[in-house]
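> build the 3D model from these lines:
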Amino acid sequence: MDVRPIRTQTDHEAALAEIATLMEARAGTPQGDRLDVLVTLVAAYEAEQVPVGLPDPINAILFMLDQKRLSRRDLEPPIGSRARVAEVLNRRRALTLPMIRRLADLLDIPAAVLIQPYDLRGAATPHRPSAHAA
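This next block holds a predicted model:
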């Protein structure tokens, strides 16, 4: 089996092309083994070369609400009134540090996701959450 590390974009593209030809290979066959090795090499290369960024904080909140089958009303304890929840989810009000702490606990979202700057509607620059606002 002549397999080499993937070091360049050209190597990556060649490996992907070969993977496409081997997709029907059965496990335990030489072709299946080659497919497994190539997929592992491609995954390692992509993890190094194409890092996946953190999701947008508001999108992460909405996603976890859906995953946990919670409603916007369930966000009132960590965020505030129904109006405050709407302002935050509609990007008219920024998350504060106390909100971030409570949302991280409620929704199991890493604080690193929630503290990222994100665009507010009508704001010229991404917002950085304040440690002092409630």
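> outline the domain layout of the protein.
9-49, 57-114 (automatic domain parsing).
> among those, which gets the worst mean confidence?
Among those, domain 9-49 carries the lowest mean pLDDT, at a mean of 93.
> of all the domains of the chain, which one is nearest Leu120?
domain 57-114 (5.0 Å; CB to CB). Backbone N, C-alpha and C define where each C-beta goes, glycine included.
> now do that closest one: distance from first to last residue.
5 Å (CA to CA, to the nearest Å).
> so what's the gap between the helix or strand containing Glu46 and the chain middle?
Here Glu46 sits within helix 30-49, counting by DSSP states H and E. Centroid displacement of helix 30-49 relative to its chain, using CA atoms, centre = their mean, to the nearest Å, is 22 Å.
> what's that helix packed up against?
helix 9-22 (3 or more CB pairs under 8 Å, 6 or more residues apart in numbering; DSSP states H and E).
> contacts for the helix it packs on, please.
4-6, 31-32, 34-35, 38-39, 41-42, 45-46, 49 (CB atoms under 8 Å, 6 or more residues apart in numbering).
> in PyMOL, how would I select just the buried ones from the residues you listed?
In PyMOL, this line selects whichever of those come out buried by 16 or more other CB atoms under 10 Å:
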select buried, resi 6+34+35+38+41+42+45
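> closest one to Ala60 out of the contacts of helix 9-22, please.
Glu46 (22.2 Å).
> how about the closest one, what does it touch?
His12 are the contacts of Glu46 under CB under 8 Å, 6+ apart.
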